[in-house]
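Trainee: Give me the fold of what follows.
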Amino acid sequence: MKVAVVGGTGVLGGLVAAELAARGDEVRALSRSPAPSTLPAGVSHRRADLVTGEGLGEGLGGVEAVVDASNALKEAREVLIEGAARLLLAEAEAGVGHHVAVSIVGCDRVPTAYYRAKVAQEESVERGPVPWSLLRATQFHALLDWAFERAARFRLLPTGAARLQPIDPRVVAKRLADATHAGPGGRLPAAAGPEVLALTELARSWRRAQGRHLLPVRIPMVGRVARAVRDGALCEPQAAVQSRTFEEWLDARRAPGPTR
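Mentor: Residues are numbered from 1 along each chain as shown. Below you'll find the model as predicted:
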């Protein structure tokens, strides 16, 4: 199968591209960034920009399915809403038969601009001209690691009652590859991490793995957004999968590589 992975050089997109290539697919990673110095065997790269539309037509030529793993925090509307609509039209023009989208568990329950953009992106997919599948997942381990690392630059460690259910992105990549091969399936069962934990518990694991002396700072749980996250809006316990916990993922990163 010929598959294009939009955002195919990002954290999730790169894993999806590698997973599909390992299954024997001919994979084209599309991104507006230059090609990385190395790509997995079976993966090629094309420049394409969801915001301007530049390169989309060429990047989608001959493709049977598209996995949209694009993401943007600062340009959420331009990439996730307008870009998704632009991508779907380009897919229809190129004769793509299956659009596979990834979204976030609870994005319709947490009223922030970014999550509203994800909901709008889902609606674009559902209304769009290409048969589709959509998988919601919880936050990736790497996202929490990034957030804790940013705070640690100021010797701070965020804590609080917010409840999260982080997942190994490799599991999500495999689910997306499965969905690509299965054909259009509409809304798919969500993929959620194996544990629901408070931010304080996750922070404790991160600090232990890092071995750093940081000042715990409790994030106040006030306002609609904070209350929703505290009450587990971003979690889906019934969708928990067997995979590495956040603590196990951190330990695996610290483990020394094989010696010769």
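Trainee: so Val5, which of the three states?
Mentor: strand (DSSP: H, G, I helix; E, B strand; the rest coil).
Trainee: Hmm, Leu30 and it touching each other?
Mentor: Yes - in this structure, Val5 is within contact of Leu30 by Cβ atoms under 8 Å, at 6.8 Å. In short, each C-beta sits where N, CA and C put it, glycine included.
Trainee: Between these two, tell me which one has more neighbours.
Mentor: More crowded of Val5 and Leu30, by other Cβ atoms under 10 Å: Val5, with 36 against 31.
Trainee: residue contacts, the more buried one?
Mentor: Counting by Cβ atoms under 8 Å, 6 or more residues apart in numbering, Val5 touches 13, 16-17, 20, 27-30, 66-67, 69.
Trainee: if we go to 7 Å?
Mentor: By Cβ atoms under 7 Å, 6 or more residues apart in numbering, the contact set of Val5 is 13, 16-17, 27, 29-30, 67, 69.
Trainee: ditto for Arg47
Mentor: Counting by Cβ under 7 Å, 6+ apart, Arg47 has contacts 32, 55.
Trainee: again, only using 8 Å
Mentor: For Arg47, the contact set (Cβ under 8 Å, 6+ apart) comprises 30-32, 34-35, 54-55, 59.
Trainee: May I ask which two of the residues you listed are separated the most?
Mentor: Greatest spatial distance in these: Ala35 and Glu54, 15.5 Å, computed using Cβ to Cβ.
Trainee: Mind checking which of the contacts of Val5 are in helices?
Mentor: Among the contacts of Val5, the ones falling in helices (DSSP state H) are 13, 16-17.
Trainee: which among the residues you listed gets closest to Leu89?
Mentor: Gly13 (20.6 Å).
Trainee: Distance check, that closest one against Glu247.
Mentor: 26 Å (Cβ to Cβ, to the nearest Å).
Trainee: So for these two, which residue has more residues nearby?
Mentor: Neighbour tally, Gly13 and Glu247, criterion other Cβ under 10 Å: the higher count belongs to Gly13, 25 against 18.
Trainee: Using CSV, list the CA coordinates for stretch 201-214.
Mentor: What follows is stretch 201-214 as a C-alpha-only set of coordinates in CSV (Å, rounded to 0.1, in the frame of the first residue of the first chain):
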residue,chain,number,x,y,z
GLU,A,201,2.5,11.3,41.1
LEU,A,202,3.8,11.8,37.6
ALA,A,203,6.1,14.6,38.8
ARG,A,204,7.5,12.4,41.5
SER,A,205,8.4,9.7,39.0
TRP,A,206,10.0,12.3,36.7
ARG,A,207,12.1,13.9,39.5
ARG,A,208,13.3,10.4,40.7
ALA,A,209,14.3,9.5,37.2
GLN,A,210,16.1,12.8,36.7
GLY,A,211,17.7,12.8,40.1
ARG,A,212,17.4,16.6,40.2
HIS,A,213,16.6,18.9,43.2
LEU,A,214,13.6,20.9,42.2
